[in-house]
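S.K.: my questions are about this predicted structure, shown below with the sequence.
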Amino acid sequence: MRKKILIVEDEDVLISLYEEELKAEGYDVVTARNGKEAIAKFEEKEPDLVTLDIVMPVMDGMETLGRMLRKGRKIPIILHTSYPHYKDDFMSWAADAFVVKSSDLTELKEKIRDLLKEGDPLTV
């Protein structure tokens, strides 16, 4: 069964890039353009992993992270942002990983693979 990733990102160009790259890796992809939309899709689509931008309209990534964590389901969340200083923010420590955005998605894809293996006892 293909793993489902929820990409939370407000920039259309980046959504298209991430969606294309992750689909090529064999994942099903669901997208949200802000935190409010992300919470709804998090509950409705039940993703296996979330990549979460921090600076977004309507509801930022830190508030979204907190709300997702309060839902009680243990789904890996990767904070994926252009702003490395957020790594020092206490709230960001609650995420499973922190990746600074880059045009090279190698680090992001590696984190996704690592986190999905960890939660899947059938993966060797």
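M.R.: Done, it's in. Quantities reported herein were computed from a predicted structural model and do not represent experimental measurements. Numbers count the residues shown, from 1 in each chain.
S.K.: from now on I want contacts and neighbour counts done on CA atoms only, so please keep to that.
M.R.: Will do.
S.K.: where in this protein is pLDDT low?
M.R.: 72-73, 83-93, 118-124 (pLDDT under 70).
S.K.: secondary structure class for the spatially most central residue of it?
M.R.: By Cα atoms, centre = their mean, the chain has its centre lying nearest to Thr51, at 1.0 Å. Under DSSP: H, G, I helix; E, B strand; the rest coil, the three-state class of Thr51 is strand.
S.K.: how close does it get to Val30?
M.R.: Using Cα to Cα, to the nearest Å, Thr51 is found at 10 Å from Val30.
S.K.: any residues in contact with both of those two?
M.R.: In terms of Cα atoms under 8 Å, 6 or more residues apart in numbering, Thr51 and Val30 are both contacted by the residues Ile5, Leu6, Ile7.
S.K.: in the protein, which spans are strands?
M.R.: Ranges of strands within the chain are 4-8, 28-32, 49-52, 77-81, 97-100, based on DSSP state E.
S.K.: out of these, which comes closest to Lys117?
M.R.: strand 49-52 (11.1 Å; Cα to Cα).
S.K.: put the alpha carbons of that closest one into PDB.
M.R.: Extracted in PDB, the C-alpha atoms of strand 49-52 (Å, rounded to 0.1, in the frame of the first residue of the first chain):
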ATOM      1  CA  LEU A  49       3.400  11.800   7.100                       C
ATOM      2  CA  VAL A  50       3.100  15.600   7.000                       C
ATOM      3  CA  THR A  51       5.600  18.100   5.600                       C
ATOM      4  CA  LEU A  52       4.700  21.500   7.100                       C
END
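S.K.: export the strands of the chain to TSV and tack on distance to Gly66?
M.R.: Below are the strands of the chain laid out as TSV (distance: least, Cα to Cα, whole Å):
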stretch	distance to Gly66
strand 4-8	14
strand 28-32	17
strand 49-52	12
strand 77-81	11
strand 97-100	15
